[in-house]
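Q: Structure for this input, please:
(one chain, ligands or ions: 2)
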Amino acid sequence: MAESQNSGAFVEFERVQKSYDGETLVVKDLNLSLPKGEFLTMLGPSGSGKTTCLMMLAGFETATHGDIRLDGVSINNIPPHKRGIGMVFQNYALFPHMTVAENLSFPLEVRRMGKAEREAKVKRALDMVQMGAFGGRRPSQLSGGQQQRIALARALVFEAELVLMDEPLGALDKQLREHMQFEIKRIADNLGITVVYVTHDQTEALTMSDRVAVFNDGRIQQLAPPDKLYEEPENSFVAQFIGENNTLEGVVKEIKGGTALVQLDGGGLIDCKPVNVTEAGQRTRVSIRPERVEYNKDRMRPGAHTLKAEVMEFIYMGDIFRTRLKVAGNEDFVIKTRNAPDQVRLQPGTQIEIGWLPEDCRALDAV
Ligand SMILES: Nc1ncnc2c1ncn2[C@@H]1O[C@H](COP(=O)(O)OP(=O)(O)O)[C@@H](O)[C@H]1O
Ligand SMILES: [Mg+2]
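A: Ligands and ions are numbered 1, 2, ... in the order given. As a prediction, the model looks like this:
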């Protein structure tokens, strides 16, 4: 066994690479470290390498290069059942011929635990997910949400400090999925367990996580708490992948006093925050959230650059208004406004001026 590195992190990936065929790397250079008790989500499109990372952590796949450590100890050579990790998958994989209690008890039996101890652990795990009354039922006699709770209880029955979940709510309908998101988060917080959670659903990631690692093409594009990820995306991929976003392409004219002046391809000058542009002449894709666009003249910052816009479509959504504009040649520019009593409902065909605070508009890499 490798010696303890003792960096204080509970789970660590250091320069991890993975290739299945000896040619293409599906995980390219993964560096990630999380403290005990954190709820970390790996979020990214299908094929970006999330499941592969989870499988390496669980021990079902080996890393081609690099090191994975748990509590400071390299686990590359420790078999899965000795890692003390609980797992929850999308297909719950409960045994249909066993009762709920037997499903939970079985892995403990395999480990030769005594009957009384098993029963106590099963009861405790079922109580944690509020399924204490369902021990005698078979999986087929439970709803999808209840089965998922049992799968969660089975991951908790070992009292593992680390639980891995791979798209565990993917098979549930929207309402139940949202309910279970809060429930899993609450249970994880109450027990103080560390969770590495995988999803391709950005809302799920934002709602549940302490931090989110955004994956694309085998790399972490950004690792940050939800609010930072949404408000301060570091590149165009993250800006596009997380939440709704407007983009306008252009060229940097100058960078001065922390502000970039961008000449848009579709006409017009705008002020932005230079995020990954450094000098005049660079192409950029600027990114602005729909709720940060201002069209009320009284609320516009004096001296700010503004753009002309034409209202294309107005959609009443109850709590908010969603208005689609044509801006600098882009007909899919969306703004969102809260449905307040004094809020204007913009009519299609109206010409308006829009603007924003430079810090809300980010000049990112052109892709
Ligand atoms: N067992 C495997 N053998 C070969 N290639 C695989 C295997 N598992 C996954 N891959 C490939 O690795 C890449 C990453 O897959 P995966 O980790 O499952 O991504 P994600 O979970 O983000 O959808 C994909 O291109 C996928 O086809
Ligand atoms: Mg996957």
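Q: Every contact and neighbour count from this point should use C-alpha atoms.
A: Will do.
Q: Look up how far residue 206 lies from the residue lying closest to residue 338 once chain neighbours are set aside.
A: Using Cα to Cα, 6 or more residues apart in numbering and skipping residues adjacent in sequence, the residue nearest residue 338 is residue 320, 4.5 Å away. Separation of residue 320 from residue 206 (Cα to Cα, to the nearest Å): 20 Å.
Q: Cross-check the contact I'm expecting between the residue nearest to residue 338 and residue 337.
A: Yes: counting by Cα atoms under 8 Å, residue 320 sits close enough to residue 337 to count as a contact (5.5 Å).
Q: Comparing those two, which shows the higher neighbour count?
A: residue 337 (18 against 14; other Cα atoms under 10 Å).
Q: Sticking with the more buried one, tell me its helix or strand.
A: strand 330-338 (DSSP states H and E).
Q: do residue 107 as well
A: Going by DSSP H and E, residue 107 is in helix 100-110.
Q: Surely residue 288 is in contact with residue 245?
A: Yes: between residue 288 and residue 245 there is a contact under Cα under 8 Å: 5.9 Å.
Q: more crowded one of those two?
A: Just comparing residue 288 and residue 245: by other Cα under 10 Å the higher neighbour count belongs to residue 288, 26 against 18.
Q: Flag every buried residue along stretch 315-326.
A: Buried residues in stretch 315-326, counted by 16 or more other Cα atoms under 10 Å: 321, 322, 323, 324, 325, 326.
Q: For residue 311, see how far away the last one is.
A: Okay, so that is residue 326. Residue 326 is 7 Å from residue 311, by Cα to Cα.
Q: tell me the contacts of residue 331?
A: Under the criterion of Cα atoms under 8 Å, 6 or more residues apart in numbering, the neighbours of residue 331 are 312, 324, 325.
Q: Quick check: chain neighbours aside, which residue is closest to the second one?
A: Right, the one you point to is residue 324. According to Cα to Cα, 6+ apart, the nearest residue to residue 324 is residue 334 (4.5 Å).
Q: residues touching the one you found, list them.
A: Counting by Cα under 8 Å, 6+ apart, residue 334 touches 245, 246, 290, 322, 323, 324, 325.
Q: Among those residues, which ones lie close to ligand 1?
A: Applying Cα under 6 Å from any ligand atom, the subset of the contacts of residue 334 adjacent to ligand 1 is empty.
Q: Out of the residues you listed, flag the one nearest to residue 350.
A: residue 325 (9.7 Å; Cα to Cα).
Q: Now do the helices in this structure.
A: 50-58, 100-110, 115-128, 144-156, 174-191, 202-208, 226-231, 236-241 (DSSP state H).
Q: These into CSV, with extra columns for distance to residue 134, mean pLDDT and mean neighbour count?
A: Output for the helices of the chain, formatted as CSV (distance: least, Cα to Cα, whole Å; pLDDT from 0 to 100; neighbours: other Cα atoms under 10 Å):
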stretch, distance to residue 134, mean pLDDT, mean neighbour count
helix 50-58, 29, 95, 22
helix 100-110, 7, 90, 20
helix 115-128, 8, 91, 18
helix 144-156, 9, 87, 23
helix 174-191, 18, 88, 14
helix 202-208, 27, 95, 19
helix 226-231, 35, 95, 17
helix 236-241, 40, 94, 19
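Q: possible to save the ones you listed as JSON lines with distance to residue 301?
A: Listed next are these as JSON lines, based on distance: least, Cα to Cα, whole Å:
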{"stretch": "helix 50-58", "distance to residue 301": "43"}
{"stretch": "helix 100-110", "distance to residue 301": "61"}
{"stretch": "helix 115-128", "distance to residue 301": "52"}
{"stretch": "helix 144-156", "distance to residue 301": "49"}
{"stretch": "helix 174-191", "distance to residue 301": "38"}
{"stretch": "helix 202-208", "distance to residue 301": "30"}
{"stretch": "helix 226-231", "distance to residue 301": "20"}
{"stretch": "helix 236-241", "distance to residue 301": "24"}
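Q: Out of those helices, which is closest to ligand 1?
A: Closest to ligand 1 of the helices of the chain is helix 50-58 (Cα to the nearest ligand atom; 3.6 Å).
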